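A.B. asks: How does the following fold in three dimensions:
(one chain, ligands or ions: 1)
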Amino acid sequence: MSLGSPSTPLPEAVDIAIVGGGVMGLGLAYHLAKIGKTAKRGSERPSIAVLEGSYLVSGASGRNGGGLRMQWADAGNVALMMESIDLCRGLAQELGINLWFRQGGYLFIARSEAASERLYRNAELHRDVGAPTRLLSPAEALAVVPHLDPSMVQVATFNPDDGVVFPWPFVWGYAAQAIRRGVLVRTHTRVDKLELTGEGYTLRLSTGERLRAARVVNATGAWSNELHRELGISLPNRPHRHEILSSEPLRPFLDPLVVDLDSGLYFSQSTRGELVTGISLPDLAGYDDESLSMHSSLRFLSVLSARLTALMPITRSLKILRQWSGLYDVSPDGDAYVGSTPGHPNLVQLCGFTGHGFMMAPAVTGLVARWLLCGESHPMLSRWDPVRSQHPPGRRREDMIIG
Ligand SMILES: Cc1cc2nc3c(=O)[nH]c(=O)nc-3n(C[C@H](O)[C@H](O)[C@H](O)COP(=O)(O)OP(=O)(O)OC[C@H]3O[C@@H](n4cnc5c(N)ncnc54)[C@H](O)[C@@H]3O)c2cc1C
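C.D. replies: A predicted model of the protein is given here:
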């Protein structure tokens with residue numbers, strides 16, 4: 001299985017250059033290559049190159065919790081995630097790699113009145129959209145998650161179709177299948193500069209090479225504003241460091257991924273038995289960490305330990321094996337930026353996915369490929385249009401973002 005290389009030869013020019021080899025960039029490359037031949041416009045398969053500044057799972061796509069859920073507060077997000085999870089069911093076979101996709105469900109718990117209200121509202125919305133989310137009492141929640149302290153639960157929601165994947169093979173699978181279909185994947189090659197050349201762009205690479213592209217897709221996640229800073233383009237999404245850790249392996253006891261809505265604590269058990277867990281750190285959240293640093297903090301460990309041991313007393317003697325962090329790419333309204341950049345029709349944004357880009361990638365990258373090659377529209381593409389950075393529509397922020 002080829003996963004790209006620093007020595008992949010590049011031509012002088014390509015039709016589409018995708019900058020960023022995370023789940024978004026590689027998922028898009030895969031879908032473009034797959035449908036390229038049958039596209040309505042143009043009879044030729046477009047030439048596509050993916051340029052990754054480091055190794056393939058070096059960004060958020062290799063550092064996340066692998067959670068996939070339909071439980072959102074907005075009908076568009078619920079429907080999109082129903083599609084994404086449906087696609088995941090056949091994806092291991094399609095990509096020819098084990099994604100370790102497990103549908104153990106997601107259990108959201110609420111401790112406060114405000115969080116309970118949100119869960120009641122969501123359960124009703126999910127029913128309307130067709131997602132199988134159920135409201136649970138504390139006793140019912142305890143039956144789904146043994147060892148949970150039920151006195152910490154006012155109400156819970158459970159969706160059995162939600163689940164987790166192992167992120168690395170997911171990204172590798174997209175890469176391998178894109179390469180098989182003719183996509184050039186060049187790793188360890190940063191795009192240092194974008195220059196306007198006629199209607200397209202010249203990409204100046206860290207290797208000293210230049211590549212011309214009729215269209216450029218910015219799939220650089222938390223680094224996305226860096227890419228076009230010198231063109232004078234700035235969108236309102238900002239990096240935010242999010243920490244996570246995994247424990248020693250425990251005997252399997254936990255099927256769902258559990259989220260405490262009040263604190264933003266979440267945890268799941270991996271197929272190897274490790275607890276994988278993170279938490280929102282509210283006073284650091286937002287737009288305060290533009291350093292692009294990925295360090296780990298004692299503060300995170302202490303806040304998380306206090307919350308986790310209160311909710312799951314059996315974790316009091318748990319040993320931590322690894323702690324790491326990655327970068328969310330956070331937009332002010334919680335929605336991604338997908339589509340042409342205002343004033344730059346051939347510079348396409350595919351970024352701003354905050355803490356949910358991994359789960360949305362299977363559906364989103366297919367939508368974007370069909371839009372780029374066939375001109376197909378979709379309500380989510382209108383909603384994610386980067387033009388709203390200039391005229392914010394003032395709609396309600398998605399409030400089920402964790403982290
Ligand atoms: C700790 C953590 C937990 C998370 N948990 C979940 C979860 O449970 N479920 C979920 O759905 N999402 C989760 N997320 C969010 C999810 O990981 C991201 O939304 C998603 O991976 C974004 O993918 P991406 O391809 O846009 O970005 P990335 O994976 O960050 O990829 C961007 C790539 O671009 C490269 N790059 C940057 N600049 C350049 C350049 N100039 N030239 C070339 N290459 C460049 C980078 O090296 C990087 O590899 C989590 C994130 C973190 C950090």
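A.B. asks: got a list of what the closest residue to Ser296 other than its chain neighbours touches?
C.D. replies: Excluding the flanking residues, the one nearest Ser296 by C-beta to C-beta, 6 or more residues apart in numbering is Gln323, at 4.6 Å. Backbone N, C-alpha and C define where each C-beta goes, glycine included. Counting by C-beta atoms under 8 Å, 6 or more residues apart in numbering, Gln323 touches Glu243, Ile244, Leu245, Ser296, Phe300, Leu301.
A.B. asks: The ligand contacts on the stretch 201-350 of the chain?
C.D. replies: Residues of the stretch 201-350 of the chain lying near the ligand by C-beta under 6 Å from any ligand atom: Ala219, Thr220, Gly221, Ala222, Trp223, Leu227, His242, Ile244, Gly278, Gly326, Leu327, Tyr328.
A.B. asks: let's see 8 Å
C.D. replies: By the rule C-beta under 8 Å from any ligand atom, the part of the stretch 201-350 of the chain lying against the ligand is 206, 219-224, 226-227, 241-244, 257, 266, 278, 324-329, 350.
A.B. asks: After the one helix or strand the residue nearest to Ser296 maps to, which helix or strand is next?
C.D. replies: Assigned by DSSP states H and E, Gln323 belongs to strand 320-330. Per DSSP H and E, the first helix or strand lying C-terminal to strand 320-330 is strand 337-341.
A.B. asks: Switch the contacts of Gln323 over to JSON lines; also include pLDDT, neighbour count and secondary structure.
C.D. replies: Listed next are the contacts of Gln323 as JSON lines, based on pLDDT from 0 to 100; neighbours: other C-beta atoms under 10 Å; DSSP: H, G, I helix; E, B strand; the rest coil:
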{"residue": "Glu243", "pLDDT": "94", "neighbour count": "23", "secondary structure": "strand"}
{"residue": "Ile244", "pLDDT": "97", "neighbour count": "22", "secondary structure": "strand"}
{"residue": "Leu245", "pLDDT": "98", "neighbour count": "23", "secondary structure": "strand"}
{"residue": "Ser296", "pLDDT": "90", "neighbour count": "15", "secondary structure": "coil"}
{"residue": "Phe300", "pLDDT": "93", "neighbour count": "20", "secondary structure": "helix"}
{"residue": "Leu301", "pLDDT": "95", "neighbour count": "15", "secondary structure": "helix"}
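A.B. asks: farthest pair in the residues you listed?
C.D. replies: Ile244 and Leu301 (11.0 Å; C-beta to C-beta).
A.B. asks: who's in contact with stretch 124-133?
C.D. replies: 70-71, 73, 75, 78-79, 82, 122-123, 157-161.
A.B. asks: Distance-wise, check Ile233 relative to Glu274.
C.D. replies: To Glu274, Ile233 is 41 Å away according to C-beta to C-beta, to the nearest Å.
A.B. asks: How about Ala49?
C.D. replies: 37 Å.
A.B. asks: Among these two, which residue is more densely surrounded?
C.D. replies: Ranked by neighbour count (other C-beta atoms under 10 Å), Ala49 and Glu274 place Ala49 first, with 23 against 19.
A.B. asks: So the more buried one: helix, strand or coil?
C.D. replies: Reduced to three states with DSSP: H, G, I helix; E, B strand; the rest coil, the structure at Ala49 is strand.
A.B. asks: Show the contacting residues for Gln96.
C.D. replies: That one is not Gln; residue 96 is Gly. The contact partners of Gly96, taken as C-beta under 8 Å, 6+ apart, are Gly173, Ala176, Gln177.
A.B. asks: Can you pull the residues of the stretch 1-150 of the chain lying near the ligand?
C.D. replies: Residues of the stretch 1-150 of the chain lying near the ligand (C-beta under 8 Å from any ligand atom): 19-27, 51-68.
A.B. asks: Among those residues, the buried ones, what's the ChimeraX command?
C.D. replies: Listed next is the ChimeraX selection for buried residues among these, using 16 or more other C-beta atoms under 10 Å:
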select :19,20,21,22,23,24,25,26,27,51,52,53,56,57,58,59,60,61,62,63,64,65,66,67,68
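A.B. asks: Just the ones in strands from the residues of the stretch 1-150 of the chain next to the ligand, please.
C.D. replies: Residues of these located in strands (DSSP state E): Val19, Leu51, Gly67, Leu68.
A.B. asks: So the closest residue to the last one other than its chain neighbours versus the ligand, what's the distance?
C.D. replies: The shortest distance from Leu68 to any residue other than its chain neighbours is 4.0 Å, reached at Met359 (C-beta to C-beta, 6+ apart). Remark: distance between Met359 and the ligand (C-beta to the nearest ligand atom, to the nearest Å) = 3 Å.
A.B. asks: ok, Met359 - how many residues close by?
C.D. replies: Met359: 27 surrounding residues under other C-beta under 10 Å.
A.B. asks: How about Ala110?
C.D. replies: Applying other C-beta under 10 Å, we find 22 residues neighbouring Ala110.
A.B. asks: For it, give me the pLDDT.
C.D. replies: As summarised for this prediction, Ala110 has a pLDDT of 97.
A.B. asks: Alright, I will stop here.
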